[in-house]
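Asks: Whatever this is, show me its structure:
(4 chains)
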Number of protein chains: 2
Amino acid sequence: MAREDTRRPPATLHDVAREAGVSLATASRTLNGSTRKVNDEYRARVLTAAEALGYVPNLQAQAVARGRTTTVGIIVADITDPYFSQIAGGIITATDAEGLVATIGVSGRDPEREVRLVSALRAQRPSGIVLVGSRVADAELTSRLTSQLRDFEAEGGHVVLVSQAGLPFDTIAFDNIEGAGALARRLADAGYRRAVVLAGPEELLTSRERTQGFIEGYAAAGHPSPSLEAVHSAFTRDGGYEAMGRLLDQDGERPDLVFAVNDVMAVGAMARLRDAGLEPGRDVAVAGFDDIETLRDVSPGLTTVRLPLEQGGTTAVELLVRRAAAPSLVRLPAEVVVRASTPALR
Amino acid sequence: MAREDTRRPPATLHDVAREAGVSLATASRTLNGSTRKVNDEYRARVLTAAEALGYVPNLQAQAVARGRTTTVGIIVADITDPYFSQIAGGIITATDAEGLVATIGVSGRDPEREVRLVSALRAQRPSGIVLVGSRVADAELTSRLTSQLRDFEAEGGHVVLVSQAGLPFDTIAFDNIEGAGALARRLADAGYRRAVVLAGPEELLTSRERTQGFIEGYAAAGHPSPSLEAVHSAFTRDGGYEAMGRLLDQDGERPDLVFAVNDVMAVGAMARLRDAGLEPGRDVAVAGFDDIETLRDVSPGLTTVRLPLEQGGTTAVELLVRRAAAPSLVRLPAEVVVRASTPALR
DNA sequence: TTGAAAGCGCTAACAT
DNA sequence: ATGTTAGCGCTTTCAA
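Replies: Residues are numbered from 1 along each chain as shown, chains lettered A, B, ... in the order given. Below is the predicted model of the structure:
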């Protein structure tokens, strides 16, 4: 009810203690102390005083005094990309269910920047860092990143990766290879024989896994495709659009199926097809990966591989809180979802 | 290059000073102090020592000592919703361009929870809080929120709202009324006469503004629509789907145009139309609002009103940093984008 | 149980 | 220009 018209610094524990007529220590103990050992009389007075003064504990000061924080740092490539926002959503929900505060940094898909962000986040002395996003196949970068993260863990921090297995940290990995493989088998069985992969960036491990899984799946279905090409581009909508364009410009037989390594790219590819006067799903089948929620209503419905994105986020926080002794690896399953963009050919 | 195999606490300024053979103050000054006034000789030694020890300043300690933080708190309703993720993207980009750290909380569209989040964020003593999302028409809630925010400002914090004007804080407001009005005029001119508004939640001010603007626009175009109904539902994809369903179940003449107060709802409505065997854009025209990037490739292309979402985020941070004396209001313009989902009828 | 006091890592007067 | 030192808000021994 009170209106503060004057600029007054926040109430401190000290203020509360004075107002309640107890010592600093007692105030601290009733307001935070784990094992309750404060006289009910005093306890009540402190609580009342805190309420009256609108006391809000200073987390920073607590952190300094305790030597540890309740902060979790998140690093994503692009919060605007639904893949990341869904994972981030899971992380944020889980963190504040745990009473932790989430801090977020965006790397803009720049691995250099990602390394710098880790260092910047470390300044916050978070209890943990969750790094979301595909690793790249670059030994030097990986080593710099790993070294930053190891330093952080040596200081008592905890690192969880949501990406590929392989680095010596707790990791949540989606079943990219298996998912893409299962998708390929389904589509091969549906009669598609001239498939092309819109493979994303060459160095990105996620791209590679999905591409590889798809090609292997085709082979496993008894249709090894010597002609199965992989066209590289950015991992974005524009990347899909542009790669599809290059594909259409090529001579030779038109593919009957285009597998984009993520949904956003698939949508870009569909747009490009339409710009060329072709109807996705009829003239060329299209499939994606991720099953992004926002894209579930595109028409024709996009065949894709569903990933439990949000669950990946919450699981990451679980690992963070659990702090297992040895780096653990959690694999999250992928599930093929066939929709109208890849009608059966027979 | 060094591998930390042993758990060793992070290097402190003290460690660096000792290693460099200088005083704490000198180390502090070279590593942080604004006006440089340190001997190059010493400076170099400190820098070397810091590098060697892998020193990362402790922001929390700095904050306590300085009495202010470099943290900005963000509160959004749902990071998974592209509307919010785009604004959040703008905020995060801008904050770390300013060397600030962004902390994020998600309210899940629950105004109660939003108030609690403000209080929780305050514990971090951020230099500012950015609250993203529509206000609701509920005096009691608004008053509790306002009171929390006023307390925060009384303590020296800075609040920026990205939503409706009206509260006594710096505000970024999108031109909802004008945008919806312009859209209505365009569509009235295109020949649509039986429009219905999928209006979202009744209490949400954003819904109200867009609905009101649309209705006024129709009237301004010389087609006051006594029959212009507003169907309420959730502000989500499912809300749009469900509201569209109710509309189809009604007796009477089918509308020739459905205006959903946001793109996500519009997509839901389109899905519902298709489930009913109707083709959006041909049997019933559909328009949305926001021009969400991820949805720009839906087919038929969704007519909508473009909002500079990301710019809203960056502008919010500008206001935060500038800290104008009086609460300022920045209006961001909306722009009608006509696409294939609302073909001209004549 | 309670309180006094010594830190936590860092900054910012204040001397030198 | 450099160093000493008293805090910042809080926690946590250690006595009482």
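
Asks: Spell out which residues of chain A are next to DNA strand D.
Replies: For chain A, the contact set with DNA strand D under C-beta under 7 Å from any atom of the strand comprises A:9, A:12-14, A:24-25, A:28-29, A:31-33, A:57-58, A:61-62, A:64-66. For glycine as for every other residue, the C-beta is placed from the backbone atoms N, C-alpha and C.

Asks: Pull out the buried members of those residues.
Replies: Neighbour counting by 16 or more other C-beta atoms under 10 Å in any protein chain shown classes A:12-13, A:28-29, A:31, A:57-58, A:61-62, A:64 among the residues of chain A next to DNA strand D as buried.

Asks: Determine which two of these are furthest apart.
Replies: Spatial extent of these (C-beta to C-beta) is set by the pair A:Arg29 and A:Val64 at 18.4 Å.

Asks: just the residues of chain A next to DNA strand D that are near DNA strand C?
Replies: Applying C-beta under 7 Å from any atom of the strand, the subset of those adjacent to DNA strand C comprises A:24-25, A:29, A:61, A:64-65.

Asks: and A:Val160, what are its bridge partners?
Replies: Bridge pairing for A:Val160 (DSSP bridges) gives the partners A:Val130, A:Asp170.

Asks: quick revisit: which one of the ones next to DNA strand C among the residues of chain A next to DNA strand D is nearest A:Val305?
Replies: Using C-beta to C-beta, A:Val64 comes nearest to A:Val305 of those, at 46.2 Å.

Asks: Report how many residues lie close to A:Lys96.
Replies: Quick fix: residue A:96 is Asp, not Lys. If you count neighbours by other C-beta atoms under 10 Å in any protein chain shown, A:Asp96 ends up with 20.

Asks: what's the answer for A:Leu345, then?
Replies: When neighbours are counted by other C-beta under 10 Å, A:Leu345 registers 13.

Asks: Show the contacting residues for it.
Replies: Contact analysis of A:Leu345 by C-beta atoms under 8 Å, 6 or more residues apart in numbering or on different chains lists A:190-192, A:256.

Asks: circling back: redo the buried ones among the residues of chain A next to DNA strand D as CSV? Include pLDDT and secondary structure.
Replies: Formatted as CSV, these follow (pLDDT from 0 to 100; DSSP: H, G, I helix; E, B strand; the rest coil):
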residue, pLDDT, secondary structure
A:Thr12, 96, coil
A:Leu13, 96, helix
A:Ser28, 95, helix
A:Arg29, 94, helix
A:Leu31, 93, helix
A:Pro57, 95, coil
A:Asn58, 96, coil
A:Ala61, 96, helix
A:Gln62, 96, helix
A:Val64, 96, helix
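
Asks: Please tell me how far whichever residue of the stretch 101-250 of chain A sits closest to chain B sits from B:Tyr55.
Replies: Going by C-beta to the nearest C-beta, chain B is nearest to A:Ala154 of the stretch 101-250 of chain A, at 3.3 Å. According to C-beta to C-beta, to the nearest Å, A:Ala154 stands 14 Å off from B:Tyr55.

Asks: A:Leu329 now?
Replies: Taken as C-beta to C-beta, the span from A:Leu329 to B:Tyr55 is 32 Å.

Asks: A:Tyr83 too?
Replies: Per C-beta to C-beta, A:Tyr83 is found 35 Å from B:Tyr55.

Asks: Next: A:Ala184.
Replies: From A:Ala184 over to B:Tyr55 the distance is 50 Å, taken as C-beta to C-beta.

Asks: More neighbours: which of the two?
Replies: Taking neighbours as other C-beta under 10 Å, A:Ala184 and B:Tyr55 compare with A:Ala184 leading, 29 against 20.

Asks: Surely that one is in a helix?
Replies: Yes - assessed with DSSP: H, G, I helix; E, B strand; the rest coil, A:Ala184 lies in a helix.

Asks: In contact with it: list those residues for me.
Replies: The contact partners of A:Ala184, taken as C-beta under 8 Å, 6+ apart, are A:195, A:213-218, A:220-221, A:259.

Asks: Which ones among the residues you listed lie within strands?
Replies: Those of the contacts of A:Ala184 mapping onto strands are A:195, A:259, per DSSP state E.

Asks: and the residue of chain A found nearest DNA strand C, backbone torsions?
Replies: Closest to DNA strand C within chain A is A:Asn39: 2.5 Å, counting by C-beta to the nearest atom of the strand. Note on A:Asn39: its backbone torsions stand at phi -40, psi 130 [degrees, to the nearest 10].

Asks: where along chain A do the strands fall?
Replies: For chain A, the strands defined by DSSP E cover A:71-76, A:101-106, A:128-132, A:158-162, A:170-174, A:195-198, A:229-231, A:257-260, A:285-287, A:304-306, A:329-332, A:335-337.

Asks: Wait, A:Ser225 touches A:Tyr192, no?
Replies: No - applying C-beta atoms under 8 Å, one finds A:Ser225 not in contact with A:Tyr192, separated by 9.8 Å.

Asks: Looking at those two, which has the bigger crowd around it?
Replies: Ranked by neighbour count (other C-beta under 10 Å), A:Ser225 and A:Tyr192 place A:Tyr192 first, with 23 against 19.

Asks: Of all the residues in the stretch 201-346 of chain A, which one is nearest DNA strand D?
Replies: For the stretch 201-346 of chain A, C-beta to the nearest atom of the strand, closest residue to DNA strand D: A:Arg323, 17.7 Å.

Asks: list the contacts for that residue?
Replies: Residues counted as contacts of A:Arg323 (C-beta under 8 Å, 6+ apart) are A:His158.

Asks: near chain B, which residues of the stretch 151-300 of chain A show up?
Replies: A:151, A:153-156, A:237, A:264, A:267-268, A:270-271, A:274, A:292-295, A:297-299 (C-beta under 8 Å from any C-beta of the partner chain).

Asks: Mind doing that once more with 10 Å?
Replies: A:151-157, A:237, A:240-241, A:263-264, A:266-272, A:274, A:279-280, A:292-300 (C-beta under 10 Å from any C-beta of the partner chain).

Asks: List only buried entries from those residues.
Replies: The buried subset of these - by 16+ other C-beta under 10 Å - is A:151-155, A:157, A:237, A:240-241, A:263-264, A:266-272, A:274, A:280, A:292-300.

Asks: Tell me which of these fall in helices.
Replies: Under the assignment DSSP state H, these contribute A:151-154, A:237, A:240-241, A:263-264, A:266-272, A:274 to helices.

Asks: shouldn't A:Ser328 be in contact with A:Leu319?
Replies: Yes - between A:Ser328 and A:Leu319 there is a contact under C-beta atoms under 10 Å: 6.6 Å.

Asks: Which neighbours do the two have in common?
Replies: Shared contacts of A:Ser328 and A:Leu319 (C-beta atoms under 10 Å, 6 or more residues apart in numbering or on different chains): A:160, A:169-172.

Asks: Could you list the low-pLDDT ranges of the stretch 201-346 of chain A?
Replies: A:226-227 (pLDDT under 70).

Asks: Please repeat the previous calculation with a cut-off of 50.
Replies: For the stretch 201-346 of chain A, applying pLDDT under 50 flags no range at all.

Asks: Quick check: residues of it near DNA strand C?
Replies: Remark: no part of the stretch 201-346 of chain A is in contact with DNA strand C, using C-beta under 7 Å from any atom of the strand.

Asks: list the contacts for the closest residue to A:Thr26 other than its chain neighbours?
Replies: Excluding the flanking residues, the one nearest A:Thr26 by C-beta to C-beta, 6 or more residues apart in numbering or on different chains is A:Tyr42, at 5.7 Å. By C-beta under 10 Å, 6+ apart, the residues touching A:Tyr42 are A:20-23, A:26-27, A:29-30.
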